[in-house]
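>>> Provide a 3D model corresponding to the input given below.
(chains A and B)
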Amino acid sequence: RKEVEQDPGPFNVPEGATVAFNCTYSNSASQSFFWYRQDCRKEPKLLMSVYSSGNEDGRFTAQLNRASQYISLLIRDSKLSDSATYLCVVNGMDSSYKLIFGSGTRLLVRP
Amino acid sequence: GAGVSQSPSNKVTEKGKDVELRCDPISGHTALYWYRQRLGQGLEFLIYFQGNSAPDKSGLPSDRFSAERTGESVSTLTIQRTQQEDSAVYLCASSLGLAGTKQFFGPGTRLTVL
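Numbers count the residues shown, from 1 in each chain, chains lettered A, B, ... in the order given. Below you'll find the predicted structure:
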């Protein structure tokens, strides 16, 4: 089983739609959770950290469910510029420094 | 301030040659990480440095791969006797510390082994 699993997509949605991605992780001891965004042929960029109580940054909301070991990202009012691959990231099983990246969920926002 | 920089941005080499990839982290970031990303794949952790030390080298794919860091700054990833399966984007990231702190990535070096 992969340490971090994501639905690869693609999710194809119209502008203005709300879309949600989930991610599951295997290490129940993980303490650090992030969503990164990666555009085609570019480096990953931090989108937001994920906190236990859930957190929001503009149109983006991240939630953590420790009991079920999943993380979610909700994007409201999708923009064309949101088209990218979204990477779920969790600190590794054997230490806190090693971040384990999911393979990503691809989002396509169409006009 | 300046972000993480990497050089070269692209490298094409012949099978069997050695290559050196360079990473300049964000100034003041004590932790530095190397990852590999094959086409269409996720990021694969290779090695990290805390200061100039690399406590965990277990992510390096083989003994052809080595890395060093000097002056708690620049890091070099060396691949000896390159193979075609080494073709990938090699990404460097840095962070203020460990313990899962936010990592900031450089633009990567795209390595193609012919």
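>>> helix or strand with the lowest mean pLDDT in the chain?
Assuming you mean chain A. Every helix and strand of chain A was ranked by mean pLDDT, DSSP states H and E. The lowest is strand A:99-101, at a mean of 86.
>>> to clarify, I was referring to chain B.
Counting by mean pLDDT, DSSP H and E, chain B has its least confident helix or strand at strand B:43-50, which shows a mean of 91.
>>> is there proximity between that strand and chain A?
Yes - counting by CB under 8 Å from any CB of the partner chain, chain A has neighbours in strand B:43-50: B:Leu43, B:Phe45, B:Tyr48, B:Gln50. Quick note: C-beta positions are derived from backbone N, CA and C, even for glycine.
>>> which strands and helices sit next to that strand?
strand A:99-101, strand B:31-37, strand B:65-69, strand B:75-79 (3 or more CB pairs under 8 Å, 6 or more residues apart in numbering or on different chains; DSSP states H and E).
>>> output those strands as CSV; include the columns mean neighbour count.
CSV is the format used below for the helices and strands packed on strand B:43-50 (neighbours: other CB atoms under 10 Å in any protein chain shown):
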stretch, mean neighbour count
strand A:99-101, 24
strand B:31-37, 24
strand B:65-69, 18
strand B:75-79, 20
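>>> so can I have a markdown table of the ones you listed showing distance to A:Ser68?
Below are the helices and strands packed on strand B:43-50 laid out as a markdown table (distance: least, CB to CB, whole Å):
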| stretch | distance to A:Ser68 |
| --- | --- |
| strand A:99-101 | 18 |
| strand B:31-37 | 28 |
| strand B:65-69 | 37 |
| strand B:75-79 | 37 |
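>>> in terms of mean pLDDT, which of those ranks lowest?
Here the lowest mean pLDDT among the helices and strands packed on strand B:43-50 goes to strand A:99-101, at a mean of 86.
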